[in-house]
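> model the structure of this input:
(chains A and B)
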Amino acid sequence: NAGVMQNPRHLVRRRGQEARLRCSPMKGHSHVYWYRQLPEEGLKFMVYLQKENIIDESGMPKERFSAEFPKEGPSILRIQQVVRGDSAAYFCASSPGGPESEKLFFGSGTQLSVL
Amino acid sequence: SQQGEEDPQALSIQEGENATMNCSYKTSINNLQWYRQNSGRGLVHLILIRSNEREKHSGRLRVTLDTSKKSSSLLITASRAADTASYFCATERSGGSNYKLTFGKGTLLTVNP
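Got it, this is the predicted structure:
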């Protein structure tokens, strides 16, 4: 039973380029969450999605960042026109929803480096 | 200081010793959770303690929660080299959403063989 799968593990982008981070939730999980970990910081919530719906994007920057979780395929976190301050580890988590959602299952993260 | 702060920032012990990490928080919570993160890996959920619980055990882990002091501790007994990792506490705020956890900066635990 594969866990939460994220790819790529490492992503290097130059300033102004686009970054696309992918996340496949655990089998049977329909709820996906994205967190960001800046250097020397704890994880911070960005966005919560269910299939085809954004439920809560209160932690996501208003500009350049977007997220989707289509009916088919992985969830995508997209960062347009990246800047150095976007360099961080981006973690995806999933849960089955409902009362079982107290515990989140995290992926290994994508380390984004912006040159 | 921010919600969910662990101390110490770093802890180095010998195999077989006990390791204690503390977490303080500021707001009322529904529950507090501890996660482990091995270098370059994702977070692994260790244990959850609810606001109406005072102590919880899971294997070699013991977690306490003092809501009057807004603090929690994680005790790892008989530590092993494989316990070397960063440990984070995360809180779910009262009236908040169970997915919007607030993490601290973590304690880096090194267990020397």
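> lowest confidence element among the helices and strands of the chain?
No chain was given, so I picked chain A. Ranking every helix and strand in chain A by mean pLDDT, DSSP states H and E puts strand A:105-106 at the bottom, with a mean of 91.
> ah, no, chain B please
strand B:5-7 (a mean of 80).
> A:Leu112 touches A:Leu21, doesn't it?
Yes: taking C-beta atoms under 8 Å as the definition, A:Leu112 is a contact partner of A:Leu21 at 7.2 Å. To be clear about C-beta, it is placed using only N, CA and C from the backbone, and glycine gets the same treatment.
> now the common contact residues for those two.
A:11, A:79, A:90 (C-beta atoms under 8 Å, 6 or more residues apart in numbering or on different chains).
> chain neighbours aside, what residue packs nearest to the second one?
Leaving aside its sequence neighbours, A:Ile79 sits nearest to A:Ala19 (C-beta to C-beta, 6 or more residues apart in numbering or on different chains; 4.4 Å).
> which residues touch that neighbour?
Residues near A:Ala19 by C-beta under 8 Å, 6+ apart: A:11, A:13, A:78-79, A:82, A:86, A:112, A:114.
> quick one: pLDDT of the residue nearest the centre of chain A?
For chain A, the residue sitting closest to the mean C-alpha position, by C-alpha atoms, centre = their mean, is A:Trp34 at 3.5 Å. Looking at A:Trp34, its pLDDT reads 97.
> is it in a helix, a strand, or coil?
strand (DSSP: H, G, I helix; E, B strand; the rest coil).
> surely it touches A:Leu77?
Yes: A:Trp34 is within contact range of A:Leu77, at 5.3 Å (criterion: C-beta under 8 Å).
> okay, and the common contacts of those two?
Jointly contacting A:Trp34 and A:Leu77 under the rule C-beta under 8 Å, 6+ apart are A:23, A:46-47, A:67, A:90, A:92.
> B:Gly40: which of the residues you listed is nearest?
Of all the shared contacts of A:Trp34 and A:Leu77, A:Tyr90 has the smallest distance to B:Gly40: 13.6 Å, by C-beta to C-beta.
> give me the element the closest one is part of.
According to DSSP states H and E, A:Tyr90 maps onto strand A:88-95.
> so how far is A:Lys51 from B:Pro8?
42 Å (C-beta to C-beta, to the nearest Å).
> check contacts around the residue nearest to the centre of chain A.
A:23, A:45-47, A:49, A:60, A:67, A:75, A:77, A:90-93.
> got those as JSON lines, with neighbour count and pLDDT columns?
Formatted as JSON lines, the contacts of A:Trp34 follow (neighbours: other C-beta atoms under 10 Å in any protein chain shown; pLDDT from 0 to 100):
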{"residue": "A:Cys23", "neighbour count": "26", "pLDDT": "97"}
{"residue": "A:Phe45", "neighbour count": "21", "pLDDT": "94"}
{"residue": "A:Met46", "neighbour count": "21", "pLDDT": "96"}
{"residue": "A:Val47", "neighbour count": "23", "pLDDT": "96"}
{"residue": "A:Leu49", "neighbour count": "26", "pLDDT": "94"}
{"residue": "A:Met60", "neighbour count": "19", "pLDDT": "95"}
{"residue": "A:Ala67", "neighbour count": "22", "pLDDT": "97"}
{"residue": "A:Ser75", "neighbour count": "23", "pLDDT": "97"}
{"residue": "A:Leu77", "neighbour count": "26", "pLDDT": "98"}
{"residue": "A:Tyr90", "neighbour count": "23", "pLDDT": "97"}
{"residue": "A:Phe91", "neighbour count": "25", "pLDDT": "95"}
{"residue": "A:Cys92", "neighbour count": "30", "pLDDT": "96"}
{"residue": "A:Ala93", "neighbour count": "28", "pLDDT": "94"}
